[in-house]
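> coordinates only, sequence not included:
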């Protein structure tokens, strides 16, 4: 229904969105026909991909994303993360799973930037939530001690490995135990928190690395929906998918600009994939995304979803 | 009643191997050789599953700019498949273009004089004229084209693919799971026709390619 309404809105907007408009009016003799020509540029077209039920869709983890974000030259800001104190607000399994994802993204962000104090605190919070969700068996029993040892020896590579492995273990355990709907909520919570962090790390700057990384999430949102689609029979998953609809539609409106020629070359054992289109984000789209993500993220961390 | 039981038994016989295999194959990827020693971290986009031998499985992943990835396959339940997987990495390239469409609309409107007032004929009736509006609507559309980025058949059947990318992109991995020796038919519908396959994806920060701001 929402999709149909959207289509009609798009059609109505065609008349309003005028990128360039040149009108030529031909005035005819009395009683004749007047011809007015208009050029209308419609950029409101949504590039909605079709999801294939037979395809397996994977979603990158927050660890991987923040390793890339760190290279963008942004600075760490711990004040934007979800406070571990909020854990007492999470009583339902749905909100616990969503916030497990949120805290995991916060841990990944802190680990990437080697923020030791936050790392220990978020590992502790994740441990408590994993008990609540019944997945503590999946996690390495000695994880907390290992983290403490790595912090003492200032071994940032080891911390990154532990953070990555904790996610991998929780993910695998849920898959093995047919708890895909819990996994879907964790993945969504982690993605929303990652987007929230990214959109709060700096103001819009056209062509900046940070804005480019945010725009590229257009590729991930399709995979996220494809991944969640498998578990949409679960009412909790279906509800959060609906909450995500506005953000998803905004991503489909991001334009793509044709880039360099597509090529695959080889340097030693490593292949290099180059070329292809670039996803563009306007200042308005950036602000709208920031607003929508903040709204949904705040509902999650306040335990109101 | 006996017939019903027979039918149910036959259905179970067909479904059970795949269901059983599907369960046992969960997280099988953890048994694939992990290149931790080279600095790679296990990537959450790795996949495990039960697949019919002779079939092709497809998975879509997102890879980030300037990360180095390693993709490899293994089948801990069917050692004989190791080294025989065929896989392709395909990218759907987006080509943006403008789609032009002319829409015309004719309506009768009151004819106006040079002062902008309605014009009347000798009988005092308003004079109408036909106004045709021709709109050329240019709509932004995207053409998708499949480009094969890598085919291990053309790389001496290599069983791992290590790559970096100058852009974040979505890739589809098409894996062909080889049919058992002697063909499918000799195996019937038994569990032997299924294999647990793990697609292991690993990542680590790679060298920076292209421009940075």
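In hand now; what should we look at? Since this is a predicted model, take the numbers as computed values, not measurements.
> What ranges does chain A have for its strands?
Remark: strands assigned in chain A by DSSP state E are A:24-26, A:33-42, A:56-57, A:256-257, A:263-267, A:270-274, A:278-279.
> Any chance of CSV for those, columns distance to chain B and mean neighbour count?
Bear in mind the C-beta positions are built from the backbone N, C-alpha and C, glycine included. Listed next are these as CSV, based on distance: least, C-beta to the nearest C-beta, whole Å; neighbours: other C-beta atoms under 10 Å in any protein chain shown:
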stretch, distance to chain B, mean neighbour count
strand A:24-26, 9, 10
strand A:33-42, 5, 17
strand A:56-57, 4, 22
strand A:256-257, 5, 14
strand A:263-267, 5, 12
strand A:270-274, 4, 19
strand A:278-279, 7, 19
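> Is it possible to get TSV of the ones you listed that adds mean pLDDT?
As requested, the strands of chain A are arranged in TSV below (pLDDT from 0 to 100):
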stretch	mean pLDDT
strand A:24-26	48
strand A:33-42	77
strand A:56-57	92
strand A:256-257	88
strand A:263-267	94
strand A:270-274	95
strand A:278-279	92
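> what would those strands look like in JSON lines with distance to residue A:210?
What follows is the strands of chain A, written out as JSON lines (distance: least, C-beta to C-beta, whole Å):
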{"stretch": "strand A:24-26", "distance to residue A:210": "44"}
{"stretch": "strand A:33-42", "distance to residue A:210": "29"}
{"stretch": "strand A:56-57", "distance to residue A:210": "25"}
{"stretch": "strand A:256-257", "distance to residue A:210": "18"}
{"stretch": "strand A:263-267", "distance to residue A:210": "27"}
{"stretch": "strand A:270-274", "distance to residue A:210": "22"}
{"stretch": "strand A:278-279", "distance to residue A:210": "13"}
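> Surely residue A:68 touches residue A:213?
Yes. Using C-beta atoms under 8 Å, residue A:68 is in contact with residue A:213, at 6.3 Å.
> if I look at these two, which residues touch both of them?
Jointly contacting residue A:68 and residue A:213 under the rule C-beta atoms under 8 Å, 6 or more residues apart in numbering or on different chains are residue B:168.
> Show me what the mean pLDDT comes to for stretch A:288-299.
In this model, stretch A:288-299 has an average pLDDT of 98.
> what sits up against that stretch?
The contact list for stretch A:288-299 (C-beta under 8 Å, 6+ apart) reads A:102, A:192-193, A:195-196, A:199-200, A:214, A:243-244, A:246-247, A:250-251, A:281, A:305.
> farthest pair in those?
Farthest-apart pair in the contacts of stretch A:288-299 is A:281 and A:305; separation 26.0 Å (C-beta to C-beta).
> Of those two, which one has the most company?
Remark: of residue A:281 and residue A:305, residue A:281 carries more neighbours, 24 against 20, as counted by other C-beta atoms under 10 Å in any protein chain shown.
> Once you drop chain neighbours, what's closest to that one?
Distance criterion C-beta to C-beta, 6 or more residues apart in numbering or on different chains; nearest residue to residue A:281, sequence neighbours excluded, is residue A:215 at 4.2 Å.
> you'd agree that neighbour is up against residue A:254?
Yes. With contact defined as C-beta under 8 Å, residue A:215 and residue A:254 form a contacting pair (5.7 Å).
> Residues that sit against both of those two, list them.
Taking C-beta under 8 Å, 6+ apart as the contact rule, residue A:215 and residue A:254 both touch A:279, A:280, A:281.
> Now do the helices in the chain.
Because you didn't say which chain, this covers chain A. A:2-14, A:62-70, A:93-112, A:116-132, A:143-152, A:156-176, A:180-199, A:209-215, A:217-229, A:235-243, A:245-252, A:283-301 (DSSP state H).
> To clarify, I was referring to chain B.
Under DSSP H, chain B gives helices at B:2-24.
> Where does pLDDT dip in it?
The model of chain B has pLDDT under 70 over residues B:1-23, B:37, B:182-192, B:208-213.
> again, only using 80
B:1-24, B:26, B:35-37, B:94-96, B:140-142, B:181-192, B:207-213 (pLDDT under 80).
> residue ranges of the strands in it, please?
Along chain B, counting by DSSP E, strands occupy B:41-42, B:47-52, B:56-63, B:67-74, B:86-110, B:128-151, B:160-165, B:169-176, B:194-205.
> Direction included, what does the fifth one pair up with?
According to DSSP bridges, the neighbouring strands of strand B:86-110, each with its direction, are strand B:128-151 (antiparallel), strand B:169-176 (antiparallel).
> what angle sits between the last one and strand B:67-74?
What that stands for is strand B:169-176. Compare the direction of strand B:169-176 with that of strand B:67-74 by axes from the mean of the first three to the mean of the last three C-alpha atoms, to 10 degrees and you get 10 degrees.
> Please apply the same query to the first one.
Following the same axes, to 10 degrees, one obtains 60 degrees for the angle between strand B:128-151 and strand B:67-74.
> Just give me how far strand B:128-151 sits from the chain centre.
24 Å (C-alpha atoms, centre = their mean, to the nearest Å).
> How about the backbone phi and psi for residue A:231?
Listed backbone geometry of residue A:231 is phi -120, psi 20, with angles given as degrees, to the nearest 10.
> Is it in contact with residue A:180, as I believe?
Yes. Using C-beta under 8 Å, residue A:231 is in contact with residue A:180, at 4.8 Å.
> Contact partners for the residue most central in space within chain A?
The structure's chain A has its C-alpha centroid closest to residue A:191; by C-alpha atoms, centre = their mean the separation is 4.2 Å. The contact partners of residue A:191, by C-beta under 8 Å, 6+ apart, come to A:59, A:62, A:101, A:105, A:220, A:224.
> what do you get if the cut-off is 10 Å, keeping everything else the same?
A:59-62, A:65, A:101-102, A:105, A:217, A:220-221, A:223-224, A:227, A:244, A:247, A:293 (C-beta atoms under 10 Å, 6 or more residues apart in numbering or on different chains).
> Check residue B:83 too.
Counting by C-beta under 10 Å, 6+ apart, residue B:83 makes contact with B:73, B:74, B:157, B:158, B:159, B:178.
> of the residues you listed, buried ones?
B:73, B:74, B:159, B:178 (16 or more other C-beta atoms under 10 Å in any protein chain shown).
> farthest pair in the residues you listed?
Spanning the widest gap among the buried ones among the contacts of residue B:83 are B:74 and B:178, at 13.3 Å by C-beta to C-beta.
> now residue A:130: how far from residue A:193?
The spacing between residue A:130 and residue A:193, counted by C-beta to C-beta, to the nearest Å, is 17 Å.
> er, residue B:45 actually
18 Å.
> same check, this time on residue B:165
On the measure of C-beta to C-beta, residue B:165 and residue A:193 end up 25 Å apart.
> Good, we can wrap up now.
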